[in-house]
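> with the input below, show me the fold.
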Amino acid sequence: MKNRTWSGLLPVGLVLVLGMMLMQGCSDDPAEPDPGPDPVDLPASTTLPILMNNFFTVHEDMYFEGYEHILHEGHRIIVRQETFDAWQGSDNPLEQLFFDRAQAISIAGNMFSGQDGQNEMGIPIPPVESMSFAILNLEGIWEPVDQATNYFGDFENAQHARYTVLIYFNNPNNHRYEVDQMLDFYAVDVSGGEQNDWRLLGIAPVGGKSSSATETITYDQVLSLYR
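Residues are numbered from 1 along each chain as shown. Modelled structure (predicted):
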């Protein structure tokens, strides 16, 4: 009887290896589940005061992932007609009377990462080094949004409230933009009222600039600089 040699066993070994590979490729095991987005370092927005505190935190900490997290999918920041008109003759006109969620996130990314801005005349604007809130005061109470309200009336479980704000957008060389005005905030419970999982639905400016400062500006105006 002839002895089996390595060369004689090689074809058999290849067949076995290929068979095992095919069996693994045809496995019925389900794919690994999508882990989803990483959790953010913010308290769960189970109440409206917590949501507003998170709004405060993500700006002062320039926390981009947290900012993105608290915005509802339908988020809009309303632009005043005066701001819209001021940009119409520029090389970068505003497209509509609001910033949608994607635009708001893009603006926050530019601000939080220290990108230069640009004004209506194309002149570069220094980056935002930091943000701080001197005032974020609730005026009155949170109330249901009327269905006739533009932009926000179609959302169920939506609430709105007016806040007095004084926000500093600090630039290099002791310059800063100051937003000193009233803003209407809109929020919606994405849990349907069961778990109280609030997201920021929108912001609408009320009136214009209201104080003397290094440079006063409205909320929509300062956002338009860093698009």
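
> contacting residues for residue 173?
Shown in contact with residue 173 (Cβ atoms under 8 Å, 6 or more residues apart in numbering): residue 126. Where C-beta positions appear, they are placed from N, C-alpha and C, glycine not excepted.

> give me phi/psi at it?
The phi/psi pair for residue 173 (degrees, to the nearest 10) reads phi 60, psi 40.

> and residue 117, how far from residue 60?
Distance of residue 117 to residue 60, computed by Cβ to Cβ, to the nearest Å: 19 Å.

> and those two? which has more neighbours close in?
Legend: neighbour count by other Cβ atoms under 10 Å for residue 117 and residue 60, higher for residue 117 (22 against 13).

> what's the pLDDT at the more buried one?
As predicted, residue 117 sits at a pLDDT of 95.

> angles on the backbone of it, please.
Phi and psi for residue 117, reported as degrees, to the nearest 10, are phi -100, psi -170.

> one more: residue 156?
When read as degrees, to the nearest 10, the backbone of residue 156 gives phi -80, psi 150.

> element containing the residue nearest in space to the middle of the chain?
With distances taken as Cα atoms, centre = their mean, residue 68 lies nearest the centre of the chain, 3.0 Å away. Here residue 68, judged by DSSP states H and E, is contained in helix 64-70.

> and that helix, which residues are buried?
Residues 66-70 are the ones in helix 64-70 that count as buried (16 or more other Cβ atoms under 10 Å).

> show me the shaky parts of this protein.
Applying pLDDT under 70 to the chain flags the ranges 1-37, 208-214.

> can you give me the helices in it?
For the chain, applying DSSP state H gives helices covering 6-25, 48-60, 64-70, 81-86, 101-112, 219-225.

> gap between the third one and the chain center?
Going by Cα atoms, centre = their mean, to the nearest Å, the spacing between the C-alpha centre of helix 64-70 and its chain's C-alpha centre is 5 Å.

> for it, C-alpha coordinates in PDB please.
Taking Å, rounded to 0.1, in the frame of the first residue of the first chain, the C-alpha atoms of helix 64-70 are listed here in PDB:
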ATOM      1  CA  PHE A  64     -22.300  70.400  18.700                       C
ATOM      2  CA  GLU A  65     -23.600  66.900  19.200                       C
ATOM      3  CA  GLY A  66     -25.800  68.100  22.000                       C
ATOM      4  CA  TYR A  67     -27.200  71.000  20.000                       C
ATOM      5  CA  GLU A  68     -28.000  68.600  17.100                       C
ATOM      6  CA  HIS A  69     -29.700  66.200  19.600                       C
ATOM      7  CA  ILE A  70     -32.100  68.700  21.100                       C
END
